[in-house]
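Novice: model the structure of this input:
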Amino acid sequence: MILCLVGTKLFGIEVINYTDVLELFIRFTFNFVVTTAIIRHLYYAATRRKDYLFTYILLSTTIFLLIFMLESVKMKIGFALGLFAIFGIIRYRTNPIPIKEMTYLFVVIGLSVINAMSSKKISYAELLLVNLIIITIIFLLEKVWLLKHETSKVILFEKIELIKPERQKELISDLEERTGIKISRVEIGKINFLKDTARVKIFYFESDQINHFEDEDFYADDDS
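Specialist: This next block holds a predicted model:
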């Protein structure tokens, strides 16, 4: 039945083209394996953030298929770069993306564009080498050079007199006593003098710790 459809056209469009279908399957599988390796085994292993895990995989899949299908109809490279730029500056209205997550977003989009737009002038060996270079660099940064992953939490702090620069040691000591966490550094965020409270962001090294707080809470208005 399927063989009978080869070469058949419906409304001027070919029903089945085995060459194109096979190319799509191979290139999509290759892109999916590469991005999954980066997202699941490098990014997630370091951050444990499932929300971005979901976003990166779907974004990579959508961008790859979008550009691959448009490239099939002779999409100009300028339009592809325009799409790349648009997706690259995405910021969710309620959840601004931290710099590290933005970097991974850039990598995921970049690889998807490269893998989707590679022409017959680029060999599979070159394409594989490009992907391996990116994976290797990320692996070195996450696993070799950056041995410790710094985690952060945002705390609503009421001892506002301790946020002065000259009393930083007292501030850290008080926070360590309350939280039981060995703190490496702190940052002072929004200060509310009417309620005598301040948002304090504490940083500590714990690679397997899930960050339960979103970055926008650090600078958001205190409604409590």
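Novice: pull out the buried positions in stretch 185-205.
Specialist: Of the residues in stretch 185-205, 186, 188-189, 197-202, 204 count as buried by neighbour count, 16 or more other C-beta atoms under 10 Å. Where C-beta positions appear, they are placed from N, C-alpha and C, glycine not excepted.
Novice: so what secondary structure elements neighbour whatever helix or strand Glu23 lives in?
Specialist: Assessed by DSSP states H and E, Glu23 sits inside helix 18-38. Here helix 18-38 touches helix 50-71, helix 99-117, helix 124-139, going by 3 or more C-beta pairs under 8 Å, 6 or more residues apart in numbering; DSSP states H and E.
Novice: let me see the domain layout of this protein.
Specialist: 14-145, 150-219 (automatic domain parsing).
Novice: mind putting those into CSV with mean pLDDT?
Specialist: Below are those laid out as CSV (pLDDT from 0 to 100):
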stretch, mean pLDDT
domain 14-145, 78
domain 150-219, 79
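Novice: element containing Lys182?
Specialist: Here Lys182 is assigned to no helix or strand, by DSSP H and E.
Novice: re earlier: farthest-apart pair in the buried residues of stretch 185-205, please.
Specialist: Greatest spatial distance among the buried residues of stretch 185-205 (C-beta to C-beta): Thr197 and Tyr204, at 21.6 Å.
Novice: just to revisit the earlier point, now, the buried residues of stretch 185-205 that are in strands?
Specialist: Per DSSP state E, strands hold the following members of these: 186, 188-189, 197-202, 204.
Novice: still on that earlier bit, ok, the buried residues of stretch 185-205 vs Tyr56, which is closest?
Specialist: Lys201 (24.6 Å).
Novice: how near is the closest residue in space to that closest one that isn't next to it in sequence to Leu129?
Specialist: Excluding the flanking residues, the one nearest Lys201 by C-beta to C-beta, 6 or more residues apart in numbering is Glu187, at 4.4 Å. As judged by C-beta to C-beta, to the nearest Å, Glu187 and Leu129 stand 41 Å apart.
Novice: for Val108, same thing?
Specialist: Look at Val108 and Leu129: by C-beta to C-beta, they are 19 Å apart.
Novice: of those two, which one has the most company?
Specialist: Set side by side, Val108 and Leu129 show more neighbours around Val108, with 26 against 11, by other C-beta atoms under 10 Å.
Novice: quick check: the more buried one touching Ile38?
Specialist: Yes - using C-beta atoms under 8 Å, Val108 is in contact with Ile38, at 7.2 Å.
Novice: now do the contacts for Ile135.
Specialist: Each residue near Ile135 by C-beta atoms under 8 Å, 6 or more residues apart in numbering is listed here: 34, 37-38, 42.
Novice: what do you get if the cut-off is 10 Å, keeping everything else the same?
Specialist: Taking C-beta atoms under 10 Å, 6 or more residues apart in numbering, we find Ile135 in contact with 34-35, 37-38, 41-42, 107, 111.
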